[in-house]
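Visitor: A predicted structure for the sequence below; I have some questions about it.
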Amino acid sequence: MQKRTNQFQRYLNLFKNLKNWWVYPAHKFRLIRSYPVLFKLRNSVSLEVHKQTMNVFKEIIMDECYMKGLTELSPEMPLTILDVGANVGCYSLFMASRYPLARIIAFEPMKENYKFLSQNFQKNPDKNLVCENIAVFGQSGKITLKYIPQESFPTRASIFKYQSFWDEIEVPCLSLPDIFRKFGIFQIDLLKLDCEGAEYNILYSLPAEYFNKISQIVAEVHPGLTEKANIDELEKHLKKNGYETRTGSESVIWASRM
């Protein structure tokens with residue numbers, strides 16, 4: 001019964017979030033076979049999805065995996081949203097469809113992903129979208145990421161090396177304080193982190209005064225090897241810095257200012 005309920009909710013979300021919702025079941029049942037798929041989200045937002053990123057689309061649009069613990073935001077407000085680990089832009093464009101007046105700044109370090117992220121943003125010239133081919137970390141400079149070289153759209157470019165066959169690449173990175181300065185940001189309404197282990201360094205090294213400038217955080221948390229590289233310690237740190245928190249079954253943590 002739970003599986004049926006979840007499946008019903010996924011299709012309800014599909015209908016709610018997409019104008020051309022019928023395209024997904026047409027692909028699922030192979031009535032349409034071509035890729036990429038062009039989805040039309042609400043508020044005139046276009047999103048192109050390739051076969052390799054369809055699972056990301058389903059998690060963000062159909063499961064609404066990052067939305068469940070958020071405090072409601074106003075679609076009438078000119079919000080500032082940061083998407084760290086943007087991949088090809090599914091989350092950024094989903095948020096642009098929900099909050100059409102938002103300024104959304106997306107960061108993606110892998111060139112393959114960034115190419116399609118940039119193309120997706122270019123399909124929506126009337127939205128306030130900016131993307132950067134750069135990582136976010138605790139300090140500005142360069143970091144080494146590990147990734148699976150066979151993946152055409154790397155979804156696990158991580159500071160951790162999970163397997164011996166992963167390759168390494170050095171990429172430029174910016175800290176959150178430098179992002180505030182570079183983009184003239186005074187307040188972040190929502191900070192989304194899906195950066196495969198870098199979330200610890202980003203948040204543990206952030207000066208305390210910057211937490212006052214970030215209203216909400218949603219982070220997918222990836223377990224690491226050090227004592228504080230786990231969701232429990234990260235939750236303690238966020239509570240210490242003035243947030244109410246909630247955790248989800250898929251290692252997601254939500255934090256909002258009290």
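Guide: In hand now; what should we look at? Numbers count the residues shown, from 1 in each chain.

Visitor: ranges for the helices of the stretch 101-250 of the chain?
Guide: Secondary structure of the stretch 101-250 of the chain, counting by DSSP state H, counting those that start in this stretch: helices at 111-122, 176-182, 198-204, 208-211, 231-240.

Visitor: please identify the deepest-packed of these.
Guide: Per residue and on average, the most neighbours among the helices of the stretch 101-250 of the chain fall to helix 198-204, with a mean of 22 (mean count of other Cβ atoms under 10 Å). Every C-beta, even on glycine, is put in place using the N, C-alpha and C of the backbone.

Visitor: what about that one, average pLDDT?
Guide: Per-region confidence: helix 198-204 scores 95 on mean pLDDT.

Visitor: who's in contact with it?
Guide: Outside helix 198-204, the residues within contact range by Cβ atoms under 8 Å, 6 or more residues apart in numbering are 84, 135-138, 143, 158-159, 175-176, 193, 195, 217, 219-222, 224, 226, 228-229, 234, 237-238.

Visitor: list only buried entries from those residues.
Guide: The neighbour-count criterion (16 or more other Cβ atoms under 10 Å) marks 84, 135-138, 143, 158-159, 175-176, 193, 195, 217, 219-222, 224, 229, 234, 237-238 among those as buried.

Visitor: of the residues you listed, which belong to strands?
Guide: Secondary structure defined by DSSP state E assigns 84, 135-136, 143, 193, 217, 219-220 of those to strands.

Visitor: any idea which of those residues is closest to residue 53?
Guide: residue 220 (15.9 Å; Cβ to Cβ).

Visitor: can you tell me how far the closest residue in space to residue 71 that isn't next to it in sequence is from residue 70?
Guide: Residue nearest to residue 71 in three dimensions, not counting chain neighbours: residue 256, with 4.6 Å by Cβ to Cβ, 6 or more residues apart in numbering. Per Cβ to Cβ, to the nearest Å, residue 256 is found 8 Å from residue 70.

Visitor: likewise for residue 213?
Guide: As for residue 213, its distance to residue 70 is 18 Å (criterion: Cβ to Cβ).

Visitor: ok, now residue 171?
Guide: Counting by Cβ to Cβ, the gap from residue 171 to residue 70 is 29 Å.

Visitor: how about residue 122?
Guide: Counting by Cβ to Cβ, the separation of residue 122 from residue 70 is 28 Å.

Visitor: same thing with residue 194?
Guide: As it turns out, when the distance is counted by Cβ to Cβ, residue 194 lies 15 Å from residue 70.

Visitor: again, but for residue 211
Guide: For residue 211, the distance to residue 70 - Cβ to Cβ - is 17 Å.

Visitor: check residue 214 too.
Guide: Distance from residue 214 to residue 70, counting by Cβ to Cβ: 13 Å.
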